[in-house]
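pasting the structure only:
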C-alpha cells in the first residue's frame, strides 16, 4: 500500500513540476495587454510609460505584471482585472482604493498611506506605510489587522 502511495505521490509531483516547467514569461507591449488592463493603467497612471510588461503564461493560467520606473507594480489576471498594486513602500494612487477603505484608513490611521492593495476571493488586503496589514471584505468593511 505504501509503495502505491509513494508512486502516486511521485507521479503527481512530476506532473506539477512538468506544468510549471512549461511556464513562459514574455516581455510584451502595452497594446498587447487585455483591454481591461489597458483601461485601468490609463485611468490610474495616465500617459506614464511602464518600464516593462511581462506576460506569464502557464498551462492553466495567464497573468500580467506591469512595472513603472518608480518600482510601482501592478498584477492583472488573464482577463485584465487587477489583482494587486504594490508601491514597494511608496504611496499607491488613491484612485485605485475603494472609497470605504480609504475613509477607514484616513479616520483610523491619519498619518499613514496605503502602499499596497490586493483583491482576492474574500476581500481586500492593504499594507500601510507603518507596516500594518489591514483586511477588508469585498464591500470594503474592515475585518481585521494582520502584522
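Arrived safely, thanks for sending. Not measured: the values here are computed from a predicted model. Numbering: from 1, shown residues only.

Now do the SS call for residue 102.
The local conformation at residue 102, judged by DSSP: H, G, I helix; E, B strand; the rest coil, is helix.

what's it in contact with, if anything?
Contacts for residue 102 (Cβ atoms under 8 Å, 6 or more residues apart in numbering) come out as 94, 114. Heads up, the C-betas are built off the backbone N, CA and C, glycines and all.

for the chain, what helix or strand is lowest in average pLDDT?
Sorting the helices and strands of the chain by mean pLDDT, DSSP states H and E puts helix 2-21 at the bottom, at a mean of 49.

How far does whatever helix or strand comes next after that one sit from its chain's centre?
Using DSSP states H and E, the helix or strand that follows helix 2-21 towards the C-terminus is strand 24-27. Offset of strand 24-27 from its chain centre (Cα atoms, centre = their mean, to the nearest Å): 17 Å.

what about this structure, any weak spots by pLDDT?
Within the chain, the ranges that satisfy pLDDT under 70 run 1-22, 147.

would you say residue 54 is within a strand?
Yes - applying three-state DSSP, one finds residue 54 inside a strand.

Run through the bridge partners of it.
Beta-bridge partners recorded for residue 54 (DSSP bridges): residue 27, residue 65.

burial measure for it, as a count.
15 (other Cβ atoms under 10 Å).

Which element, helix or strand, includes the residue positioned nearest the centre of the chain?
Geometric centre of the chain, nearest residue: residue 84, 2.2 Å, by Cα atoms, centre = their mean. Using DSSP H and E, residue 84 sits within strand 82-86.
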